[in-house]
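**Student:** Just to be clear, the model below is a prediction. Sequence and coordinates:
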Amino acid sequence: MNILFDNCRILDGKGGEIQQGFVAVKGNRISAVGNAQNAPKPVADEVIDLRGQTLLPGIIDSHVHLSLNGEPDPMISFMRDNDFIIAYKAARNAHQTLLAGITTVRDLGSPKDIGIHLRNAVNAGIVPGPRILSSGRVICMTGGHGWSMSREADGEAEVRKTVREQLKSGADVIKLMATGGVMTMGVEAGAPQFTFEELRAGVEEAHKGGRKVSSHVQGAVGLRNALRAGIDSIEHGIFIDEETVAMFLEYKAYLVPTLSAPHNILKNGLKSGIPAYVIEKTEQVAGANVESAKMAFHRGVVIAMGTDAGTPFNFHGANMKELELFCGIGLTPMESIISATTTAAHLLGLEQELGTIEEGKLADLIVVDGNPLDDIAILQQQERILAIMKDGIFYKKQIG
Ligand SMILES: [Zn+2]
């Protein structure tokens, strides 16, 4: 089946903009891109006229938790729900994410191997969802941040073994906890957790297996440990200073600030049922999160879009909010779209297949009513996401 999207504004995901362009899709790949003036249009079985609308690459969210549901105290669901219910809810969350125009996610931590099995179920066509790269279980020190959904490990040898276990289970990426965080009771958000040596051991094992490593980091000491250990992406990255900015650039690490997480916690507050310790810790770090991201961006650190969806009131399907928050720290709408397309594809190691609208890439595309460069917030209005295609298949089609 050949499809031709015609007469559209194309944002190609790497900063280019084509007016009155066309994109041809053959099977699951983009077979031609051009504009009416300079290239002959391919013949197609179906021609879809997109006058006034914008075609973008499918959006990539580099940090979600499909097994969490955005409840005020998300960890409670692990005590209340059995594994089957957690998995059904994760499948629902995956579908909601896809229907928001998010065609690829990195699931950075789920209990058991639910994230890995959900990825397999989506790949097998059993349930609809975005393309998932799963870390499987998070790896933390005993009693460390996120322990209730993690595999605990202490010392270099145990971290090595645990990373190997995750690779054996089929993890696409490894997640290590370098510091405490706001969602775990009794754990100080900025305190270092895994040591440099433990992080280094984990990175070595993951890289040997050809996998990248992400690390939850919310403090200056943890940042230095993680960057020096060769972590590929720093999640949250709170308390970035001059020294750590220089290290980001030296080690070519990505920053995924997840501004949506503290934003939604503080917006909803104590009355919503979010535990008091979460609010208190968020109040301590939220300002630094924004300032760190702003400073890092202006100093040239590469920033990828990720939401931490699943944390309190940070609902699956509301992922596009992060792009607006990025514009609030100084990114242009185009830069913010690039962070969720080309940049995120590079972070995931999928830059050959995804992230841009180019001949030969997989056909992950969304059609938006209007121009997100004029107003980035329109991406949050699901009625304005008129079509969603993943791997050449429409999951929404209100066009043509
Ligand atoms: Zn997270």
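**Tutor:** Perfect, thanks for sending it. Numbering: from 1, shown residues only.
**Student:** The closest residue to Met1 other than its chain neighbours: how many residues sit nearby?
**Tutor:** Spatially, and ignoring its direct neighbours in sequence, Met1 is nearest to Asp45 (5.5 Å; C-beta to C-beta, 6 or more residues apart in numbering). Where you see a C-beta, it was placed from the backbone N, CA and C, and this is true even at glycine. Look at Asp45: counted by other C-beta atoms under 10 Å, it has 9 neighbours.
**Student:** from what I can see Asp45 touches Ile3, true?
**Tutor:** Yes: judged on C-beta atoms under 8 Å, Asp45 makes contact with Ile3 at a distance of 7.0 Å.
**Student:** What's the first helix or strand after the helix or strand of the chain with the lowest mean pLDDT?
**Tutor:** Among the secondary structure pieces of the chain, namely its helices and strands, helix 76-80 has the lowest mean (mean pLDDT, DSSP states H and E), a mean of 83. Note on helix 76-80: by DSSP states H and E, the next helix or strand toward the C-terminus is helix 83-99.
**Student:** for that following helix, packing partners?
**Tutor:** The helices and strands touching helix 83-99, judged by 3 or more C-beta pairs under 8 Å, 6 or more residues apart in numbering; DSSP states H and E, are helix 76-80, helix 114-123, strand 385-390, strand 393-397.
**Student:** Name the residues of that helix that come out as buried.
**Tutor:** Neighbour-count burial for helix 83-99, counted by 16 or more other C-beta atoms under 10 Å, picks out 86-87, 89-91, 93-99.
**Student:** And Gly400, what's its pLDDT?
**Tutor:** At Gly400, the pLDDT value in this model is 76.
**Student:** where's Ala318, which helix or strand?
**Tutor:** Counting by DSSP H and E, Ala318 is held by no secondary-structure element, helix or strand.
**Student:** heads up, I number from 327, so please use that
**Tutor:** Will do, 327 is the new start, and the previous item becomes Ala644.
**Student:** what's the neighbour count on it?
**Tutor:** Counted with other C-beta under 10 Å, Ala644 comes out at 19.
**Student:** What are the neighbouring residues in contact with it?
**Tutor:** 426, 586, 633, 635, 706 (C-beta atoms under 8 Å, 6 or more residues apart in numbering).
**Student:** Kindly report the same for Gly481.
**Tutor:** Shown in contact with Gly481 (C-beta under 8 Å, 6+ apart): Glu524.
**Student:** Help me confirm that Phe574 is found in a helix?
**Tutor:** Yes: note on Phe574: a helix contains this position according to DSSP: H, G, I helix; E, B strand; the rest coil.
**Student:** so it sits right up against Val627, yeah?
**Tutor:** Yes: distance between Phe574 and Val627: 4.4 Å, which falls inside the contact criterion (C-beta under 8 Å).
**Student:** which neighbours do those two share?
**Tutor:** With contacts taken as C-beta under 8 Å, 6+ apart, the residues that reach both Phe574 and Val627 are 566, 581.
**Student:** quick one: His542 is in a helix?
**Tutor:** No: secondary structure assignment places His542 outside any helix; it is strand (three-state DSSP).
**Student:** Quick one, grab the pLDDT at it.
**Tutor:** pLDDT for His542: 96.
**Student:** One more: the one 10 residues further on?
**Tutor:** The predicted local distance difference test score for Ala552 is 97.
**Student:** so which helix or strand takes in it?
**Tutor:** helix 546-555.
**Student:** so how far is that helix from its chain's centroid?
**Tutor:** Averaging C-alpha positions (C-alpha atoms, centre = their mean, to the nearest Å) puts helix 546-555 21 Å from its chain's average.
**Student:** Same check on stretch 458-472?
**Tutor:** 16 Å.
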